[in-house]
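> Kindly return the folded structure for what I paste below:
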Amino acid sequence: MNTETVIRTFVEYYEERGHHRVTGSTLLPPPGDPVLFTTSGMHPLTPHLEGRPHEHGRRLVNVQRCLRTTDLEEVGDPTHLTVFEMLGTWSLGDYEGPQSLDWGHALLTEGFGIDPGLLHATVFGGDDQVGPDTDSLRVWEERGVPVEHTVDDNWWSNGPTGPCGPDSEIFLWTGDTPPESTPTRDERWVEVWNHVMMRHRRLPDGSLVPLPQRNVDTGLGVERLAALLQGERSVFDCDVFTPWRRTVPDLWHLDEPTSRLVCDHLRSAMVVVGDGVRPGTTGRGYVLRRLIRRALTALWRDDPSRGLGDLPGELTRHTLDHFRQSADPDEVRRVLLDEERRFAGLLRRGRQVLARPRFRGTLDEEDLHYLHDTHGLPPELVRSLREEDPSRVS
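Take a look at the predicted model:
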């Protein structure tokens, strides 16, 4: 089942159950949202989760592209990507958690053909403010799905304040042996779907008050689900990355972790540029700059002659088309190459500055501030350059 079939099967399943498909937003969240990028499908729907009526009713389904910087250090493992697509469903004060879990279990086992014996669920076990999620527990017990109780792992929030609630996560066994242990104790259990019973709002003092309506918000990553359904252990092996796997190894000989990081960061940078962001020193521009420079640092570690100009234009076009973006591929390519030239110049200047006697010893905070303010060398770049030549550290 290729990725497009996964998406179509999911959307049509929920449309048959009265959900209206809404168009996903760009990576840029709506005005007033404090986050830099859209990190989940619920971001554009926050006002409606808080009670504002939605023009398309109380049951919604969509496909949303997302970016998460919180997972940046985990990129390269089998399950994390910086930019990805998320399938989502919402009940805006309509049905509640048990109905959502019932439909979800049926879609996974009947619609996608997953062996029910390979599933495991987790539910909220309760704390000093909210009791245990017995409704979700009952659904899983009726369907013979083993359940693990947790507290922090099964409470979803969008930050220290705002909408939140208990959730129930569904995991799929990926090991070579029959299923064993539990999701929190064995990483071979991979999370595929999260169902949030969004009923509360957390106030600045930490207390909880009821939302005007009892919602359900679910989300699952497209690439992760597609990889599992295709029998792959890694999201980088699903069909979405086929053009990258065909191209990158012939251009650059990289080990597997480095290849994954480079493919993820460059693919993500293309999507960010496609949504109108340009490299900068703060905010979204800095995130984009960091993605490009992390990829270049990995590429140049063993061979400084490598460059983004080596990438064929087909990769940019494929990426933009997959994420349904209308940006000009040539313009996206130009932005990446301009940032590459800027970074190469900064590296040359940084090496010259750090070669001065003043900076050959241990650097304190005052030195790092001076290098940044006077020469435009961020502390992380300074540390990276000094790692090239440890003799500079006394």
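
> For this structure, which segments are assigned as strands?
Secondary structure of the chain, counting by DSSP state E: strands at 20-21, 59-67, 83-91, 119-124, 147-150, 155-157, 162-173, 189-202, 208-221.

> Show the contacting residues for residue 301.
residue 258 (C-beta atoms under 8 Å, 6 or more residues apart in numbering). (C-beta placed from N, C-alpha, C; glycine too.)

> For residue 249, which non-adjacent residue is spatially closest?
When the adjacent residues along the chain are set aside, residue 249 lies closest to residue 259, with 7.2 Å between them (C-beta to C-beta, 6 or more residues apart in numbering).

> Give me the neighbour count for the one you found.
Other residues near residue 259 number 19, with proximity taken as other C-beta atoms under 10 Å.

> ok, it to residue 271 distance?
Per C-beta to C-beta, to the nearest Å, residue 259 is found 19 Å from residue 271.

> Next: residue 68.
In this structure, residue 68 and residue 271 are 13 Å apart, going by C-beta to C-beta.

> Run through the protein and note the low-pLDDT ranges.
71, 388-394 (pLDDT under 70).

> Contact partners for the spatially most central residue of it?
Taking C-alpha atoms, centre = their mean, the centroid of the chain lies closest to residue 68, which sits 4.3 Å from it. Contacts here follow C-beta under 8 Å, 6+ apart; on that basis residue 68 touches 37, 39, 82, 84.

> Kindly indicate which of those residues lies nearest residue 362.
residue 82 (33.6 Å; C-beta to C-beta).

> Quick check: that closest one touching residue 271?
No - Residue 82 sits out of contact with residue 271 when judged by C-beta atoms under 8 Å, with a separation of 9.0 Å.

> what's the overlap in contacts for these two?
Common neighbours of residue 82 and residue 271 (C-beta under 8 Å, 6+ apart) are residue 67.

> longest single helix anywhere in the chain?
helix 329-354 (DSSP state H).

> Summarise which helices and strands that one is packed against.
Packing partners of helix 329-354 (3 or more C-beta pairs under 8 Å, 6 or more residues apart in numbering; DSSP states H and E): helix 256-274, helix 283-300, helix 313-322, helix 365-375, helix 379-388.

> a markdown table for those helices, including distance to residue 198?
Shown next, in a markdown table, are these (distance: least, C-beta to C-beta, whole Å):
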| stretch | distance to residue 198 |
| --- | --- |
| helix 256-274 | 27 |
| helix 283-300 | 27 |
| helix 313-322 | 30 |
| helix 365-375 | 42 |
| helix 379-388 | 37 |
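
> Any figure for the gap between the residue nearest to residue 67 when sequence neighbours are not counted and residue 72?
In space, and not counting its chain neighbours, residue 67 is closest to residue 37: 4.1 Å by C-beta to C-beta, 6+ apart. Residue 37 sits 12 Å away from residue 72, going by C-beta to C-beta.

> same thing with residue 101?
Relative to residue 72, and taking C-beta to C-beta, residue 101 is found at 31 Å.

> For those two, indicate the residue with more neighbours.
residue 101 (26 against 18).

> quick one: the more buried one and residue 167 touch, right?
No - checked against C-beta under 8 Å, the pair residue 101 and residue 167 is beyond contact range at 10.5 Å.

> Am I right that the residue nearest to residue 249 is in contact with residue 250?
No - at 11.7 Å, residue 259 does not count as touching residue 250 under the criterion of C-beta under 8 Å.

> so residue 116 makes contact with residue 146?
No - between residue 116 and residue 146 there is no contact under C-beta under 8 Å: 10.8 Å.

> neighbour count winner among those two?
residue 146 (15 against 12).

> Which residue comes closest to that one once chain neighbours are left out?
residue 120 (5.2 Å).

> for the one you found, what are its contacts?
Neighbour list for residue 120: 145, 146, 147, 148, 170, 171, 173, 179, 182, 183, 189 [criterion: C-beta under 8 Å, 6+ apart].

> measure the third one to residue 321 for me?
This means residue 147. 41 Å.

> The two: who's more crowded?
Just comparing residue 147 and residue 321: by other C-beta under 10 Å the higher neighbour count belongs to residue 147, 18 against 11.

> Tell me what the more buried one is bridged to.
residue 121 (DSSP bridges).

> what do you get for residue 157?
With DSSP bridges applied, residue 157 shows beta-bridge pairing to residue 164.

> How many neighbouring residues does it have?
By other C-beta under 10 Å, the burial measure for residue 157, its neighbour count, is 16.
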